[in-house]
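Participant: sequence isn't available, so here's the structure alone:
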């Protein structure tokens with residue numbers, strides 16, 4: 001990396017800081033020198049002697065999401081703060097720390113003429129907070145002014161100090177391990193809500209997203225799969241929650257890590273991974289996607305990219321529904337409604353892997369498919385008049401609903417044992433969500449929860465949440481042969497409209513996958 005510093009006459013001077021520090025770093029410390037960066041409030045412009053330290057400033061900006069000029073100080077051996085006055089001094093600090101095996105501590109202060117700024121974002125929504133820790137601000141910040149009365153604006157003394165342990169050199173692992181990035185990528189995009197034929201299109205020269213947060217990973221997508229949530233979002237049925245347009249759809253993907261953020265520990269460039277994006281961003285129907293490291297896990301070694309891409313959301317949903325909520329175990333009796341869809345196929349296999357006795361409900365054309373998944377009994381709803389009457393008194397421990405609608409809940413009560421568990425991925429309402437319908441649905445769920453106290457079946461709605469730990473657990477079952485992918489068809493990106501249109505018919509068997517050809521594509 002190259003540092004920019006101001007010389008004595010105020011001119012910018014480029015310095016190869018990596019080369020300057022490398023001579024002092026042991027060969028075993030190739031990952032870089034650990035540093036600690038502390039956000040330490042504000043300093044008025046007239047009191048600041050500016051020396052640019054782009055590497056330190058870059059880390060501070062990405063960590064604290066700050067904007068504007070900064071003053072960088074370091075803590076010397078006596079504990080005093082010293083302003084970095086030259087590029088050579090910065091290199092010397094890193095050099096000395098490398099020799100001593102210590103982590104140099106840098107203090108970053110925002111330079112402002114008015115003495116206030118908007119509060120930085122100190123939130124981290126990952127489950128694993130890494131090495132980030134809160135540290136009480138004991139400094140007086142004598143050069144700062146009092147709190148501003150503007151909404152969302154805070155004086156320096158009110159902004160908490162955060163301590164981050166990270167890497168100064170080599171924080172972003174080199175892209176060369178997996179090849180250089182192209183200038184643009186192909187991606188599916190919609191700019192308005194509607195039908196696939198009217199709003200969905202493929203853009204040939206879309207900008208490639210980049211890693212901007214410490215725990216982001218940039219992934220070259222080799223395959224992405226379709227989920228019902230994708231077409232529901234595009235139709236506008238969920239616009240009460242998801243309003244951001246234009247939008248690249250797609251939750252599930254499998255691909256190769258290209259670049260990692262500063263605080264990523266589990267993954268490195270070149271890793272073959274699969275994962276599920278969160279509902280706020282999506283974006284997997286594109287050649288490249290940025291996701292949080294916590295949303296991604298290593299790909300099963302016995303699956304291709306296409307096969308692995310079909311698994312993330314269904315695996316996470318099944319894990320949360322059957323393991324965490326349903327508490328399915330050996331000899332449990334499980335009923336899977338909608339057993340031929342993506343989540344249904346996975347649910348049947350997972351319940352069997354857990355040792356349960358599984359009954360599956362599906363249509364005539366899918367009976368053979370569901371039987372091949374080792375279900376103990378298959379009920380063809382097109383043949384029987386009412387499957388709840390056919391299975392009445394079966395005393396199932398868990399009903400796993402992958403179809404949705406209030407009717408499924410009423411029927412399930414006839415087949416569940418006392419205090420049995422009804423777990424659904426869809427809920428009662430399948431139309432467009434409004435505030436009124438959301439309140440009505442919430443009230444209904446609370447009512448069912450209340451009656452479950454007195455022995456009625458419990459009711460749970462599961463919204464699959466990206467989670468690498470769940471993916472890791474499910475990957476073990478995949479590699480052991482307990483879970484296998486069910487892929488109905490593979491499409492190129494140019495046929496993305498067909499993928500959405502077929503998904504909207506609700507007659508998909510397993511999953512549909514979009515494949516992205518790359519020069520370095522391998523299984």
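Facilitator: Looks like it came in fine. Note that the structure is a prediction, hence the values are computed from the model and not measured.
Participant: in which helix or strand would I find the nearest residue to residue 184 once chain neighbours are set aside?
Facilitator: Leaving out its chain neighbours, the residue that sits closest to residue 184 by CB to CB, 6 or more residues apart in numbering is residue 205, at 4.3 Å. Placement of C-beta: from N, CA and C, glycine included. Using DSSP states H and E, residue 205 sits within strand 200-207.
Participant: how confident was the prediction at the residue nearest to residue 184?
Facilitator: The per-residue pLDDT reported for residue 205 equals 91.
Participant: likewise for residue 72?
Facilitator: 71.
Participant: which ones are touching residue 302?
Facilitator: Neighbouring residues of residue 302 by CB atoms under 8 Å, 6 or more residues apart in numbering: 478, 479, 481.
Participant: can you tell me the SS state at it?
Facilitator: Recorded secondary structure, residue 302: coil (DSSP: H, G, I helix; E, B strand; the rest coil).
Participant: and residue 398, by the same measure?
Facilitator: Using three-state DSSP, the structure places residue 398 in strand.
Participant: that one touches residue 328, doesn't it?
Facilitator: Yes. With contact defined as CB atoms under 8 Å, residue 398 counts as touching residue 328 (5.8 Å).
Participant: name the residues contacting each of those two.
Facilitator: 322, 334, 351, 356.
Participant: with respect to residue 193, which of those residues is nearest?
Facilitator: Nearest to residue 193 out of the shared contacts of residue 398 and residue 328 is residue 322 (CB to CB; 33.1 Å).
Participant: from residue 357, how far out is that closest one?
Facilitator: Separation of residue 322 from residue 357 (CB to CB, to the nearest Å) stands at 13 Å.
Participant: compare the two (neighbour count), which wins?
Facilitator: Between residue 322 and residue 357, counting by other CB atoms under 10 Å, residue 322 is the more crowded of the two (27 against 18).
Participant: with adjacent residues omitted, what lies nearest to that one?
Facilitator: That would be residue 328: by CB to CB, 6+ apart, it lies 4.6 Å from residue 322.
Participant: where do the helices sit along this structure?
Facilitator: Under the criterion DSSP state H, helices of the chain are mapped to 17-22, 54-64, 87-100, 196-199, 228-235, 305-309, 312-318, 342-353, 367-372, 387-390, 406-415, 435-452, 468-479, 496-504.
Participant: what about the stretch 201-350 of the chain, any weak spots by pLDDT?
Facilitator: Scanning the stretch 201-350 of the chain for pLDDT under 70 picks out 237-243.
Participant: and the strands in it?
Facilitator: Here the stretch 201-350 of the chain has its strands, by DSSP state E, counting those that start in this stretch, at 216-225, 252-260, 272-276, 288-292, 296-298, 333-337.
Participant: most neighbours among the shared contacts of residue 398 and residue 328, which one?
Facilitator: For the shared contacts of residue 398 and residue 328, the largest number of neighbours (other CB under 10 Å) sits with residue 351, at 31 neighbours.
Participant: residue contacts, the closest residue to residue 354 other than its chain neighbours?
Facilitator: Nearest residue to residue 354 in three dimensions, chain neighbours excluded: residue 328, at 4.8 Å (CB to CB, 6+ apart). Contacts for residue 328 (CB under 8 Å, 6+ apart) come out as 322, 334, 350, 351, 354, 356, 397, 398.
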